[in-house]
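[1] Model the following, please.
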Amino acid sequence: MFDASIYKKRRIELAKKVGYGLVLILGNDESPMDYPGNNYPFIQDCSFLYYAGCDLPGLALIIDLDENEEFLIGNDFTVDDEIWMGPQPSIKEKGLQSGIDKTFDSSYLEYKIKEAISKRRKVHYLPASNYQKLIKLENLFEIHNSKVNKRASVDLIKAVVEQRSIKESFEIEEIEKALDISYEMYSVLMKEATPGVKEQTLVSKVESIISEHKSYISFPTILTINGKTLHNHIHDNYLKEGSLLLMDSGAKSPMYYASDITRTIPVGGKFSTKQKNIYDIVLESQLTAIKAIREDITYKEIHLKAAEVMVDGLKNLGIMKGSTLDAVNEGAHALFFPHGLGHMLGLNAHDMEDLGEQYVGYDEDITRSSQFGLVNLRLGRKLKKGFVVTVEPGLYFIPMLIDLWKSENKHASFINYDKVNEYRDFEGIRIEDDVLVTNTGSKVLGRKFIPKTTEEIEKVMEK
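    Below you'll find the predicted structure:
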């Protein structure tokens with residue numbers, strides 16, 4: 001945990017933003033794999049971690065804004081529990097570590113909420129991110145579970161997003177620690193990605209590094225020679241000489257902050273000319289986007305700048321044609337770049353998206369586009385100093401999408417389908433880094449540089 005004063009300060013700021021009523025933030029409960037005594041590894045709710053810091057299951061935080069009181073609610077472990085688990089901290093001890101003096105057992109949660117409802121006081125709560133919370137909120141507020149998230153407090157959501165979006169120096173330090181783990185993972189990947197190795201073997205090796213650090217993956221590892229499938233979690237293939245291997249992965253720091261990095265490397269250690277040509281387009285797109293990051297520019301603008309670089313590069317290869325700006329405005333590039341440039345990063349890999357992507361990535365000024373490709377941009381709003389974002393452009397040749405667009409003669413004035421057909425067997429390429437918005441522009445995070453140019457990658461992969 002951080003110092004208690006940090007959590008106290010966060011709760012004071014939250015109270016000022018929300019203003020009145022009761023704030024309820026539920027922690028996560030344990031989740032059984034198959035029976036109650038056999039649980040998945042416990043991961044705490046990120047908003048609860050942010051405001052209370054406690055990583056024990058079954059807790060709740062109540063902030064009574066009208067009475068200026070705070071309560072940490074949960075049951076102490078029993079002797080029977082400790083026979084199996086060893087000595088455990090009391091709720092009182094955990095409360096004091098997060099600067100909360102008043103603690104109660106779980107029965108107090110229902111009492112406090114029912115009392116507030118009976119007095120027609122406003123109770124602010126966040127959307128349920130899992131079914132256990134959904135059922136708990138359903139019972140507390142006596143409303144059908146289909147209505148629970150619809151009645152979540154927009155005022156509380158916006159206040160939490162506003163606070164959590166700006167990363168303080170000690171939070172950046174935690175992300176750097178997570179990136180230290182990522183560096184080790186990619187160092188192993190680039191040494192071990194040789195012909196004949198099974199993808200699952202590499203997944204096991206890189207994830208064992210996370211385990212050695214007593215950490216967790218920040219999302220399921222994507223490691224595949226079929227990078228054209230954007231979220232490919234199938235690891236059954238054997239690496240082949242000359243294939244491209246894409247890994248998109250992340251780890252958690254000791255305080256649960258996430259990293260999220262992608263690299264694409266050549267199996268056997270050498271890029272072909274064709275692979276290098278496409279790779280360099282993606283890299284130039286990423287570097288252009290990173291250079292453009294600054295306060296008050298929208299991430300949508302940066303996404304479109306990255307897309308323009310891609311179109312120019314594909315035009316040089318004869319794959320696209322016509323006006324670059326018109327091609328991007330009409331979404332022709334999305335045949336090859338069908339996802340967004342990036343998202344917020346913090347305690348989640350996709351930070352705060354459990355609260356509603358429309359509040360995290362968009363606002364009253366910047367709303368989500370309905371255009372194919374651009375609709376998948378998770379972050380479009382203006383950037384602020386202290387945001388940490390991912391920058392992850394990619395180029396893919398997806399046969400089913402190519403065939404569909406060609407059958408419809410879609411964007412034929414911008415796409416040379418005969419030339420595209422020469423790339424049908426090309427694997428996808430994505431390059432991703434985690435970037436801090438500063439008062440002068442941006443900073444690529446990571447105390448140890450993970451090779452990124454074709455020359456750097458080939459050098460590391462030399463035997």
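[2] contacts, neighbours, all on C-alpha from now
    Will do.
[3] Phe48 contacts Asp29, correct?
    No: counting by CA atoms under 8 Å, Asp29 is not a contact partner of Phe48; they are 11.9 Å apart.
[4] any idea which helix or strand comes after the helix or strand containing Thr288?
    Element membership of Thr288 [criterion: DSSP states H and E] is helix 273-292. With elements assigned by DSSP H and E, the helix or strand that comes after helix 273-292 is helix 299-316.
[5] if I read this right, Glu174 contacts Ala251, doesn't it?
    No: using CA under 8 Å, Glu174 makes no contact with Ala251, being 11.0 Å away.
[6] List the contacts of Ile91.
    With contact taken as CA atoms under 8 Å, 6 or more residues apart in numbering, Ile91 is in contact with 72-76, 103.
[7] Among those, show me the least confident.
    Lowest in pLDDT among the contacts of Ile91 is Asp76, which has 92.
[8] Distance check, it against Cys54.
    Plainly put, Asp76 is 13 Å away from Cys54 if you go by CA to CA, to the nearest Å.
[9] Which one's more surrounded, these two?
    The neighbour count for Asp76 versus Cys54, taken as other CA atoms under 10 Å, is higher for Cys54 (21 against 16).
[10] So the more buried one: helix, strand or coil?
    coil (DSSP: H, G, I helix; E, B strand; the rest coil).
[11] Chain neighbours aside, what residue packs nearest to it?
    Lys94 (6.4 Å; CA to CA, 6 or more residues apart in numbering).
[12] neighbours of the one you found, just the number please.
    The burial count for Lys94: 20, using other CA under 10 Å.
[13] roughly how far is the one helix or strand it maps to from the heart of the chain?
    Secondary-structure assignment from DSSP H and E places Lys94 in helix 91-97. Its chain's C-alpha centre and that of helix 91-97 lie 30 Å apart, by CA atoms, centre = their mean, to the nearest Å.
[14] buried sites along it?
    91-92, 94-95, 97 (16 or more other CA atoms under 10 Å).
[15] Mind exporting the C-alpha coordinates of it to PDB?
    What follows is helix 91-97 as a C-alpha-only set of coordinates in PDB (Å, rounded to 0.1, in the frame of the first residue of the first chain):
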ATOM      1  CA  ILE A  91     -10.200  -5.000   9.100                       C
ATOM      2  CA  LYS A  92      -9.200  -2.400  11.700                       C
ATOM      3  CA  GLU A  93      -5.500  -2.700  10.800                       C
ATOM      4  CA  LYS A  94      -6.300  -2.400   7.100                       C
ATOM      5  CA  GLY A  95      -8.500   0.600   7.700                       C
ATOM      6  CA  LEU A  96      -5.700   2.400   9.600                       C
ATOM      7  CA  GLN A  97      -3.300   1.600   6.800                       C
END
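[16] coming back round to it: and Glu174 and Ala251? Which one has more around it.
    It is Ala251, of Glu174 and Ala251, that has more neighbours when counted by other CA under 10 Å, with 32 against 21.
[17] So, low pLDDT: which residues of the stretch 51-200 of the chain?
    For the stretch 51-200 of the chain, no stretch is flagged by pLDDT under 70.
[18] Going along the chain, name the helices of it.
    Per DSSP state H, counting those that start in this stretch, the stretch 51-200 of the chain carries helices over the ranges 79-85, 91-97, 107-118, 131-141, 145-148, 154-165, 169-192, 199-212.
[19] Show me which positions of the fifth one end up buried.
    The one in question is helix 145-148. Judged by neighbour count using 16+ other CA under 10 Å, the buried positions of helix 145-148 are 145, 148.
[20] Report the distance from it to the chain centre.
    For helix 145-148, the distance to the chain centre is 26 Å (CA atoms, centre = their mean).
[21] Then the third one?
    Distance of helix 107-118 from the chain centroid (CA atoms, centre = their mean) equals 34 Å.
[22] Quick one: residues in contact with that helix.
    Residues contacting helix 107-118 (CA under 8 Å, 6+ apart): 22, 60, 73, 122-123, 140-141.
[23] Swap in 7 Å and give it another go.
    73, 140 (CA atoms under 7 Å, 6 or more residues apart in numbering).
[24] orientation of it relative to helix 131-141 in degrees?
    Angle, helix 107-118 to helix 131-141, by axes from the mean of the first three to the mean of the last three CA atoms, to 10 degrees: 50 degrees.
[25] swap in the last one?
    For the pair helix 199-212 and helix 131-141, the angle between their directions (the same axes, to 10 degrees) equals 60 degrees.
[26] buried sites along helix 199-212?
    Buried residues in helix 199-212, counted by 16+ other CA under 10 Å: 199-200, 202-203, 206-207, 209-210.
[27] do the third one as well
    Within helix 107-118, the residues scored as buried using 16+ other CA under 10 Å are 109, 113-114, 116.
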